[in-house]
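[1] Dropping the sequence and predicted coords here.
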Amino acid sequence: MQPRRRTITGWCLTGTGFLVCPCHLVITLPLAVALLGGTALGGWIATHESAIALGATLYFVGALALGATLLLARTTLPGTDKNSIVAAASACRPPNLSFGSPPEGTIKERYFAGEEAAG
């Protein structure tokens, strides 16, 4: 998922999670029943308050968890972009020296060349 879309989705989930918070049901359920009184939806809300509370609680917890995961997760691994690798490499080398080309021969040849000179 792209970082911008990830941020928008995270904020939408977190915002709707707070709106559906079960503590608001004390106000919103009677208000919904009063506004929709006399309709089939108002009757359904009045008879299924516990199912609505359970659904709101599950959505509240899930939306906040997923929203926090999307908002707080890193989009890239630290130190994997090109600029940070170059900065880290230039910080590791001594000043006024270039990286240059690698020494001649394999590691094995260089290791045994030191033993032949000593022996």
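    Ah, there it is.

[2] For the chain, which segments are assigned as strands?
    Taking DSSP state E as the criterion, the chain contains no strands.

[3] What ranges in it fall below the confidence cut-off?
    Scanning the chain for pLDDT under 70 picks out 1, 74-108, 110-119.

[4] Which elements pack onto the lengthiest helix in the chain?
    Counting by DSSP state H, the longest helix found in the chain is helix 49-72. If you count contacts as 3 or more CB pairs under 8 Å, 6 or more residues apart in numbering; DSSP states H and E, helix 49-72 packs onto helix 3-19, helix 25-35. In this view, the C-beta of every residue, glycine as well, is placed from N, C-alpha and C.

[5] Please parse this structure into its domains.
    3-72, 82-118 (automatic domain parsing).

[6] Would you mind measuring the gap between the ends of the longest one?
    Across its full length, domain 3-72 reaches 11 Å end to end, with CA to CA, to the nearest Å as the criterion.
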